[in-house]
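Chemist: okay, sequence plus prediction incoming.
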Number of protein chains: 2
Amino acid sequence: MIRLTLIEARELAESILLHNGFSAAQAQAVTDTVVAGERDGCASHGLYRVLGCVNSLRAGKVAANAEPQVVDQAPSIVRVDAAGGFSQLAFKAGLPLLKEKTRATGIAALAINRCVHFSALWVEIEQLTDAGLVALAFTPSHAWVAPAGGSQPVFGTNPIAFGWPRAGKNPFVFDFATSAIARGDIELHRRAGKAIPEGWGVDAQGQPSTDPNVVLDHGAMLTFGGHKGSALAAMVELIAGPLIGDLTSAESLAYDAGSKSSPYHGELLIALDPKRFLGDAAEQHLARAEGVFESIQGQGARLPSQRRYEARLRSEVEGVQIPQALYNDLKALLA
Amino acid sequence: MIRLTLIEARELAESILLHNGFSAAQAQAVTDTVVAGERDGCASHGLYRVLGCVNSLRAGKVAANAEPQVVDQAPSIVRVDAAGGFSQLAFKAGLPLLKEKTRATGIAALAINRCVHFSALWVEIEQLTDAGLVALAFTPSHAWVAPAGGSQPVFGTNPIAFGWPRAGKNPFVFDFATSAIARGDIELHRRAGKAIPEGWGVDAQGQPSTDPNVVLDHGAMLTFGGHKGSALAAMVELIAGPLIGDLTSAESLAYDAGSKSSPYHGELLIALDPKRFLGDAAEQHLARAEGVFESIQGQGARLPSQRRYEARLRSEVEGVQIPQALYNDLKALLA
């Protein structure tokens, strides 16, 4: 393993993205999120993703110099056309107007269109909870996941993220795929020649399969939570697809045409302002929410994100560690 | 079984509610939803619920003549104070302004406060999809459900409902508890002296239990979908509780003080207008959403609500059937 300070990690990511032709704005926005992922112990959304960014660029699947265009769509809707660039810069461009509209009207939506998307959603959610807002985020991906009772992929891994601000504390944040497991986890089993647990996928006939090759190449992944998870995956597909005028997971996979790039589609965020719901009583009611968290932690259960926050504290002192092989692959992109 | 036409079912419910002292407005709003439940084959939210309404009234837990007060809280927020009456009349009172705000600003919220709540959420969701809007609804209940990794009840059965309008077709609607199973299903097992499947509940030490007595009286119910379902249950607790200035499931259960009445707390609805997101392109993108439904049904999987819509068609022709014992219990309330 190679140890890097957070500053070194940032310099490494940014220099690779710039060297390979990304604009300073795109490079900085991507760097912010991959370093946040690495810092929080989410290696799957960390520096490793810089390889994918450069791959997507070489495959012609991302616009290196895209400048997002912010549209004031309606009193409570912001749209940002990412113009084929990464979702991160589009989010950054739309955030100020989303916050302004949420504070003005109480609830507002940010629709990001035509973006290349590989980011964890919690990075964005935290920027809304930092502003004292409650937030939700949804995005499709590539069609890999079958509906409950089916055998053919329709949905992406379709994550749902949520954040709740807590005075003086890290926010309550969750961010999970509506698939039973990340696609990367099934790929790791394939590389290791290991069977996968039941419940992760089905074969082409819709029968449970524990063979990663069958699930990845012929069958489909499954959602978490049976027909309920499947219903939620469909909701994400609809509200972060057609509702915002953007691609479904099936359309995004078709557009990818086998290049194995990051999905290209849209993202929907919804923000709610407790102060507009509650007026002067906001503080008192948010304090009451702390009782919910105390009931959970008081019985020894964890809050979502707790591990991430612990990793963050460690990384801020000790830096992060990445495998030597990943470090070499990253360095090779500076040649 | 006793067969009733939908008109007879309506007359039975409404006359009982009026006879027992509810105002015409409360009685009519409740009748609309219990007859819709019975018609759609949801006996658990059908005429049976009229017994609970009268029980709640006799226990002093619902205001028979409550007149909901609508508050124009913010450009995208409607609040309705149900004043201790049923959620149904409060929803009806707030619906016109919610639709107006959603069409004006693109996305809006309806917060219902101080309501007695026993209704299925899909009845309300359909009134928004009928208006061409996308809709979400959330409500806590009584604290019966443990968080993932825990053993003590914190959450209610905390349902999530979603609706998507479809031109010329029944809307895509789901409405499910974030608990693994309805509490009533565990109670049915207890009465039948049958064990419950693993995954429905835990004992007081947080160990899996298949004994309905242990789960209901000493342990806790579980959420669906492990830590993901638990995260969603927490979200419902927060956004349909403190965010709207209303009780959590634990607070609602404490208020109930053993009377076994319906929960008394709040409900949050969110509506989104595809026309404000998409302008003139709305029709084209909503048509694209049909591709998602075709991919699901084309492989033999069902859409949520399909069974309900089938039951609805049957009931409109044949009426509904209820058990003789239930009919007798209902008739007794007219004495």
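Modeler: Done, it's in.

Chemist: and A:Glu283, what is it in contact with?
Modeler: By Cβ atoms under 8 Å, 6 or more residues apart in numbering or on different chains, the contact set of A:Glu283 is A:Ala167. Where you see a C-beta, it was placed from the backbone N, CA and C, and this is true even at glycine.

Chemist: ok, now how distant is it from A:Gln127?
Modeler: The spacing between A:Glu283 and A:Gln127, counted by Cβ to Cβ, to the nearest Å, is 22 Å.

Chemist: and the strands in the stretch 51-200 of chain A, which stretches?
Modeler: Counting by DSSP state E, counting those that start in this stretch, the stretch 51-200 of chain A forms strands over residues A:69-74, A:77-81, A:107-116, A:134-138, A:160-164, A:172-176, given from the N-terminal end onward.

Chemist: can you tell which of these is closest to A:Trp144?
Modeler: Using Cβ to Cβ as the measure, strand A:172-176 is the one of these that comes nearest A:Trp144, at 15.7 Å.

Chemist: list of residues touching the closest one?
Modeler: Strand A:172-176 is contacted by residues A:120-122, A:125-126, A:129, A:137, A:159-164, A:166, A:224, A:293, A:303-305, B:227-228, B:231, B:234-235, B:238 when judged by Cβ under 8 Å, 6+ apart.

Chemist: how about the helices in the stretch 51-200 of chain A?
Modeler: Counting by DSSP state H, counting those that start in this stretch, residue ranges of the helices within the stretch 51-200 of chain A are A:87-105, A:122-129, A:183-191.

Chemist: picking up where we left off before, mean neighbour count, the strands of the stretch 51-200 of chain A: which tops it?
Modeler: strand A:107-116 (a mean of 27; mean count of other Cβ atoms under 10 Å in any protein chain shown).

Chemist: find the nearest non-adjacent residue to the closest residue to chain B within the stretch 101-250 of chain A, please.
Modeler: Going by Cβ to the nearest Cβ, chain B is nearest to A:Gly225 of the stretch 101-250 of chain A, at 2.9 Å. The spatially closest residue to A:Gly225, leaving aside those adjacent along the chain, is B:Gly225, at 2.9 Å (Cβ to Cβ, 6 or more residues apart in numbering or on different chains).

Chemist: let me know the pLDDT of that neighbour.
Modeler: The predicted structure scores B:Gly225 at 97 on the pLDDT scale.

Chemist: gap between A:Gly85 and chain B?
Modeler: Per Cβ to the nearest Cβ, to the nearest Å, A:Gly85 is found 21 Å from chain B.

Chemist: my read: that residue touches A:Ala63, true?
Modeler: Yes. At 5.0 Å, A:Gly85 and A:Ala63 qualify as touching, with contact defined as Cβ atoms under 8 Å.

Chemist: ok, these two, which is more surrounded?
Modeler: Neighbour tally, A:Gly85 and A:Ala63, criterion other Cβ atoms under 10 Å in any protein chain shown: the higher count belongs to A:Gly85, 26 against 19.

Chemist: nearest residue to the more buried one other than its sequence neighbours?
Modeler: Spatially, and ignoring its direct neighbours in sequence, A:Gly85 is nearest to A:Ala66 (2.8 Å; Cβ to Cβ, 6+ apart).

Chemist: that neighbour against A:Ala83, yeah?
Modeler: Yes. Checked against Cβ under 8 Å, the pair A:Ala66 and A:Ala83 is within contact range at 4.2 Å.

Chemist: centroid residue for chain A?
Modeler: Centroid-nearest residue in chain A: A:Ala120, 2.5 Å away (criterion: Cα atoms, centre = their mean).

Chemist: over to the residue nearest to A:Ser295 when sequence neighbours are not counted: give its phi and psi.
Modeler: Using Cβ to Cβ, 6+ apart and skipping the chain neighbours, the partner closest in space to A:Ser295 is B:Val154 (4.5 Å). The phi and psi values for B:Val154, taken as degrees, to the nearest 10, are phi -130, psi -50.

Chemist: near B:Val154, how many other residues are there?
Modeler: Going by other Cβ under 10 Å, the residues that sit close to B:Val154 add up to 27.

Chemist: that one and B:Phe162, how far apart?
Modeler: Counting by Cβ to Cβ, the gap from B:Val154 to B:Phe162 is 24 Å.

Chemist: go on, A:Ile112?
Modeler: Following Cβ to Cβ, the distance that separates A:Ile112 from B:Phe162 is 21 Å.

Chemist: same question for A:Pro165.
Modeler: Relative to B:Phe162, A:Pro165 is positioned 25 Å away (Cβ to Cβ).

Chemist: quote the end-to-end distance of stretch A:98-114.
Modeler: The stretch stretch A:98-114 measures 18 Å between its terminal residues, going by Cα to Cα, to the nearest Å.

Chemist: what are the ranges of the helices in the stretch 201-335 of chain A?
Modeler: Taking DSSP H, counting those that start in this stretch, the helices of the stretch 201-335 of chain A run over residues A:212-217, A:226-239, A:249-256, A:274-278, A:282-297, A:306-318, A:324-332.

Chemist: hey, which of the ones you listed is tucked in deepest?
Modeler: Compared across the helices of the stretch 201-335 of chain A, helix A:226-239 shows the largest average neighbour count, a mean of 25 (mean count of other Cβ under 10 Å).

Chemist: how about stretch A:43-53: buried residues?
Modeler: A:Ala43, A:His45, A:Gly46, A:Leu47, A:Tyr48, A:Arg49, A:Val50, A:Gly52, A:Cys53 (16 or more other Cβ atoms under 10 Å in any protein chain shown).

Chemist: show the average pLDDT along stretch A:8-20.
Modeler: Averaged across stretch A:8-20, pLDDT comes to 98.

Chemist: name all residues that make contact with the residue of the stretch 101-250 of chain A closest to chain B.
Modeler: Applying Cβ under 8 Å, 6+ apart as the definition, the contact partners of A:Gly225 turn out to be A:Leu232, B:Phe224, B:Gly225, B:Gly226, B:Lys228, B:Gly229.

Chemist: closest to A:Ala192 among these?
Modeler: B:Gly226 (23.7 Å).

Chemist: nearest spatial neighbour of the closest one, skipping sequence neighbours?
Modeler: In space, not counting the residues next to it along the chain, B:Gly226 is nearest to B:Ala148; the distance is 5.6 Å by Cβ to Cβ, 6+ apart.

Chemist: CSV for the strands of the stretch 51-200 of chain A, including distance to B:Ala335?
Modeler: Supplementary listing: these in CSV, determined by distance: least, Cβ to Cβ, whole Å:
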stretch, distance to B:Ala335
strand A:69-74, 55
strand A:77-81, 55
strand A:107-116, 48
strand A:134-138, 49
strand A:160-164, 49
strand A:172-176, 51
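
Chemist: now render those as JSON lines, adding mean pLDDT.
Modeler: Compiled in JSON lines, the strands of the stretch 51-200 of chain A are given as follows (pLDDT from 0 to 100):
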{"stretch": "strand A:69-74", "mean pLDDT": "98"}
{"stretch": "strand A:77-81", "mean pLDDT": "98"}
{"stretch": "strand A:107-116", "mean pLDDT": "98"}
{"stretch": "strand A:134-138", "mean pLDDT": "98"}
{"stretch": "strand A:160-164", "mean pLDDT": "98"}
{"stretch": "strand A:172-176", "mean pLDDT": "98"}
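
Chemist: export the helices of the stretch 51-200 of chain A as a markdown table, with columns for mean pLDDT.
Modeler: What follows is these, written out as a markdown table (pLDDT from 0 to 100):
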| stretch | mean pLDDT |
| --- | --- |
| helix A:87-105 | 98 |
| helix A:122-129 | 98 |
| helix A:183-191 | 88 |
